[in-house]
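Q: make a model of this:
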Amino acid sequence: MVKLKDSDIREILIKQLEHNYSKDSNTKIVHEMGVLHGQSRIDVAVINRVLHGYEIKSESDTLVRLPTQMVDYNKVFDRMTIVVQRNYLNKVRDIIPSWWGITLVTRYRGEIHLRVLRKGKLNPNVDPFSLSHLLWREEALDILKERGLHRGYLSKPREEIYRKICSSITLSEIKLIVTQQLRRRESWKVH
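A: Okay, the predicted model is just below:
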């Protein structure tokens, strides 16, 4: 039997997510979303009131990058789900934190099926500075302008703008601002 690839699983996952969120106009599904300015890329991100990342590990993949990806994802996503085939299930359970969800990929009579093994919980440790990195520089500046905090920051590097946001705005406000901004974006690989 031919090994499944990431793209095979992604297609089924996207269809399921589109079905789940078909009546929610405030949800955006994004492919290959960069995290920490491209340091890592999540396979699929669902953006609504929370950021939910889906990382796919097919039997054609390796788990070599998972520990470093996990560190990055844990900094920004409210929820995380790993979508994995049985060959990696036990190894993945040893690597990921207990708040991550696990979805098992199976194949039966040529069809791919997804089954939730663990629903997952909210991330207890979202990092506001890392989360602010999801904003483009101009978006971050607009946030400061809206609050009258932009003086002296218009020509500053984006890292300093992010620091100013984090020192001036609560984490819950940053989460709300980031999800609103990401849903508004047009020039993205959106499904």
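Q: over to the most centrally placed residue in the chain: give its phi and psi.
A: In the chain, the residue lying closest to the centroid (Cα atoms, centre = their mean) is Gly53, at 3.2 Å. Per-residue torsions, Gly53: phi -100, psi 140 (degrees, to the nearest 10).
Q: list the contacts for it?
A: Each residue near Gly53 by Cβ atoms under 8 Å, 6 or more residues apart in numbering is listed here: Met33, Ile42, Val44, Ala45, Tyr73, Val76, Phe77, Arg79, Met80, Thr81. (C-beta placed from N, C-alpha, C; glycine too.)
Q: from these, which ones fall inside strands?
A: Members of the contacts of Gly53 lying in strands (criterion: DSSP state E): Met33, Ile42, Val44, Ala45, Arg79, Met80, Thr81.
Q: what's opposite the nearest residue to the third one once chain neighbours are set aside in the beta bridge?
A: With sequence-adjacent residues excluded and distances taken as Cβ to Cβ, 6 or more residues apart in numbering, Val44 is closest to Tyr54, at 4.2 Å. Following DSSP bridges, Tyr54 is listed with bridge partners Val44, Thr81.
Q: for Tyr54, give me its contacts.
A: Leu13, Leu17, Ile42, Asp43, Val44, Ala45, Val46, Met80, Thr81, Ile82, Val83, Thr103.
Q: follow-up on the earlier one: what about the contacts of Gly53, which one has the most neighbours?
A: Within these, neighbour counts (other Cβ atoms under 10 Å) peak at Val76, which reaches 27 neighbours.
Q: distance check, the residue nearest to Arg147 when sequence neighbours are not counted against Arg137.
A: Leaving aside its sequence neighbours, Arg147 sits nearest to Ser168 (Cβ to Cβ, 6+ apart; 6.8 Å). For Ser168, the distance to Arg137 (Cβ to Cβ, to the nearest Å) stands at 17 Å.
Q: one step back: which of the contacts of Gly53 lies closest to Leu144?
A: Leu144 lies nearest to Val76 out of the contacts of Gly53, by Cβ to Cβ, at 20.1 Å.
Q: helix or strand for Lys15, which one?
A: helix 6-20 (DSSP states H and E).
Q: which residues are contacting that helix?
A: 29, 31, 43-44, 46, 54, 56, 58, 60-61, 83, 103, 105, 112-114, 191.
Q: the residues you listed, buried ones only, as a ChimeraX selection?
A: This is how ChimeraX selects the buried members of those, with burial counted by 16 or more other Cβ atoms under 10 Å:
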select :29,43,44,46,54,56,58,61,83,103,105
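Q: domains of this structure?
A: 6-118, 128-184 (automatic domain parsing).
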